[in-house]
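S.K.: Predicted structure and sequence below. I'll ask about it afterward.
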Amino acid sequence: MPASDQGVAKSKDRYQLVPRTLCFVRWGDDVLLLKGAPNKKIWPNKYNGLGGHVERGETVSAAARREILEEAGVAVENLILRGVITIETGEPSGIGLFVFTADALTRQAIASGEGELVWVPIAQLGYYDLVEDLPTLLPHVLSMTEATPPFSARYFYEGEKLHIEFA
């Protein structure tokens, strides 16, 4: 079906999704987190996984690998799609967040302008100032096995309060 027949332009009551990736890279019992630079517009000084926007012409898995390399200089294996989250922004467009896990091929990470890289023991995640969804999302993702199918979830806000619904 040609792009003109996809019906996107005629969908006034539906939002369009901006695709993004979020990846949790593991090394044994540690996960690599990025502490956002203090000058970042969103999540300054907060710990998050690696990821970002999917560029035109990229698959989501290629975008995840690219973002990991750009933000941490780490090559990975076993990149696995763990879930898809629809994030309602209150705007005509929302975010489609593709969540991955991967195993690092080396523990040596190279910092970028995005912030400080930290290998965090999974058992100590509660001691870190994580972005607001990670206390719920990260245990869910890290408990998944190779046989666990990808999850579907929705994030939405009521005022300033984030709500997370797993399907």
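M.R.: Thanks, I have the structure now.
S.K.: State the three-state secondary structure for the residue positioned nearest the centre of the chain.
M.R.: Nearest to the geometric centre of the chain sits L22, at 1.7 Å (C-alpha atoms, centre = their mean). Classification of L22 using DSSP: H, G, I helix; E, B strand; the rest coil returns strand.
S.K.: For it, which non-adjacent residue is closest in space?
M.R.: Closest residue to L22 apart from its sequence neighbours, by C-beta to C-beta, 6 or more residues apart in numbering: G51 at 4.1 Å. No exception for glycine: its C-beta is placed from N, CA and C like everyone else's.
S.K.: show me what contacts that neighbour?
M.R.: 20-23, 64, 67-68, 71, 100 (C-beta atoms under 8 Å, 6 or more residues apart in numbering).
S.K.: got a pLDDT number for the residue nearest to the centre of the chain?
M.R.: With respect to pLDDT, L22 scores 98.
S.K.: Equivalent analysis for the one 3 residues further on, please.
M.R.: Looking at V25, its pLDDT reads 98.
S.K.: was I right about it contacting L34?
M.R.: No - contact criterion C-beta atoms under 8 Å: V25 and L34 do not qualify, at 10.0 Å.
S.K.: So between those two, which is more surrounded?
M.R.: Remark: of V25 and L34, V25 carries more neighbours, 26 against 23, as counted by other C-beta atoms under 10 Å.
S.K.: ok, now how distant is the more buried one from V118?
M.R.: According to C-beta to C-beta, to the nearest Å, V25 stands 12 Å off from V118.
S.K.: any idea how far the one helix or strand the residue nearest to L22 maps to is from the chain center?
M.R.: Using DSSP states H and E, G51 maps to strand 50-53. Centroid separation between strand 50-53 and its chain, computed with C-alpha atoms, centre = their mean, to the nearest Å, is 6 Å.
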